[in-house]
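Novice: heads up, no residue letters with this:
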């Protein structure tokens, strides 16, 4: 599928700069827009970018954006995605830093931000669901279920780092291969 | 020279971390404790500014750069944030060329399932702080339903949530 750089830039611009709640929320928007709504990349390509972003230094969302945009439009796509995700929100951050005290005093701003953050929570729940649902549909539900529950228990109960959890899951996946 | 030092210190913190705020301990050690270019209060302000706006949480590095060196410092912070990013492209190229192998594909899918679980676990902590009354729980629940089961453009859901919050502010007074 041929995707124009303009369309790619538009999507990353909106996802990166209108989404509050950090990298997980932006990833959730991109997953829904790239895989579910537009079909520009497959779920497997999304998973590959997400896995490798976890072991790339720096904010995961920047590496993830570069990776998925590279899959869609190679280097020009990767460069544009990183620029449009980071530059406008960096400018907003500078403005917020400079004027933070006055913004914090505004009740309307606080209530609006609270609703946006609540929506980001709903978005991340949906992202988690949209990642697991296709795995269950593939028919082999036991492995995804065990990995999902196991990851939550290990992460929440023993405070194991996310990278270690993802690495152990990958090893389990490599050893437990479903028949084709 | 000072800008270059700032860039290198921010790059060092960023390059030794793998997610938004995990660079904070290294950054604090260098800028607050060792070089005293920043105070703890300023660091807290930077983290809050980074989390209050849109975009990645790692943007707090831009805010730190601004507090130390003004707009040129913010540019140094931005550059430090994106410098390691492109390392992922050769990795995607290498692993992607082998992604048809069943064992590798199974490993990537299991890792994706685990990341879905980590995402859910992270939102549980976030939800405790964000969903403090019935209105906010309703906003989260409606957003979930729209995101998970419809094809409405994501940004419109977020804009609608902002408008709902603003309307509430106007009604409450």
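Specialist: Sure, I can see it. Remember, it's a predicted structure, so these values are computed and weren't measured experimentally.
Novice: Next secondary structure element downstream of the helix or strand of chain B with the lowest mean pLDDT?
Specialist: Lowest by mean pLDDT, DSSP states H and E among the helices and strands of chain B is helix B:40-52, with a mean of 76. Reading on from helix B:40-52 to the C-terminus, the next helix or strand found by DSSP states H and E is helix B:60-82.
Novice: So the most centrally placed residue in chain A versus chain B, what's the distance?
Specialist: Centroid check for chain A by Cα atoms, centre = their mean gives residue A:27 as the closest residue, at 1.7 Å. As judged by Cβ to the nearest Cβ, to the nearest Å, residue A:27 and chain B stand 8 Å apart. All C-beta atoms are positioned from the backbone trio N, CA, C, and that covers glycine.
Novice: what about that residue, which helix or strand?
Specialist: Using DSSP H and E, residue A:27 falls in helix A:23-31.
Novice: can you give me the mean pLDDT across that helix?
Specialist: The average pLDDT for helix A:23-31 rounds to 86.
Novice: The helix or strand containing residue A:14 - contacts with which helices or strands?
Specialist: For residue A:14, the enclosing helix or strand under DSSP H and E is helix A:5-17. The contact analysis (3 or more Cβ pairs under 8 Å, 6 or more residues apart in numbering or on different chains; DSSP states H and E) places helix A:5-17 against helix A:23-31, helix A:60-104, helix B:154-172.
Novice: other SSEs contacting the helix or strand bottoming out on mean pLDDT in chain A?
Specialist: Using mean pLDDT, DSSP H and E, helix A:107-137 stands out as the lowest-scoring helix or strand of chain A, at a mean of 81. Packing contacts for helix A:107-137, counted by 3+ Cβ pairs under 8 Å, 6+ apart, involve helix A:23-31, helix A:142-158, helix B:102-130, helix B:134-149, helix B:154-172.
Novice: Buried residues, that helix. List them.
Specialist: For helix A:107-137, a neighbour-count test (16 or more other Cβ atoms under 10 Å in any protein chain shown) marks A:109, A:111-132, A:134-135 as buried.
Novice: Outline the domain layout of chain B.
Specialist: Chain B breaks down into these domains under automatic domain parsing: B:2-86, B:131-173.
Novice: Tell me which of these is the most buried.
Specialist: Burial of the domains of chain B is given as mean neighbour count (mean count of other Cβ atoms under 10 Å in any protein chain shown); domain B:2-86 ranks first at a mean of 21.
Novice: Start and end of that one, how far apart?
Specialist: Length of domain B:2-86, first residue to last, Cα to Cα, to the nearest Å: 26 Å.
Novice: so residue B:80 sits right up against residue B:68, yeah?
Specialist: No - Residue B:80 lies out of contact with residue B:68 (Cβ atoms under 8 Å); the separation is 11.9 Å.
Novice: before we move on, the earlier item: among the helices and strands packed on helix A:107-137, which is nearest residue A:172?
Specialist: helix B:102-130 (5.4 Å; Cβ to Cβ).
Novice: what angle sits between that closest one and helix B:134-149?
Specialist: 160 degrees (axes from the mean of the first three to the mean of the last three Cα atoms, to 10 degrees).
Novice: What residues sit buried inside helix B:102-130?
Specialist: Going by neighbour count (16+ other Cβ under 10 Å), the buried part of helix B:102-130 is B:104-123, B:126-127, B:130.
Novice: from the middle of its chain, how far away would that helix be?
Specialist: Taking Cα atoms, centre = their mean, to the nearest Å, the mean C-alpha location of helix B:102-130 is offset from the chain mean by 16 Å.
Novice: Residue 75: what's it in contact with?
Specialist: Unless you meant another one, I'm taking chain A. Residue A:75 makes contact with residue B:89 under the criterion Cβ atoms under 8 Å, 6 or more residues apart in numbering or on different chains.
Novice: oops, chain B please
Specialist: Contacts of residue B:75 (Cβ under 8 Å, 6+ apart): residue B:65.
Novice: coming back round to it: out of the domains of chain B, which is closest to residue A:2?
Specialist: Proximity to residue A:2 (Cβ to Cβ) singles out domain B:131-173 among these, at 21.6 Å.
Novice: anything in that closest one near chain A?
Specialist: Yes - for domain B:131-173, a contact with chain A is found by Cβ under 8 Å from any Cβ of the partner chain, at B:131-132, B:135-137, B:139-148, B:151, B:153-155, B:157-162, B:164-166, B:168-170, B:172.
Novice: what ranges of chain B fall below the confidence cut-off?
Specialist: Scanning chain B for pLDDT under 70 picks out B:1, B:17-22, B:51, B:173.
Novice: I'm done for today, thanks for sticking with me.
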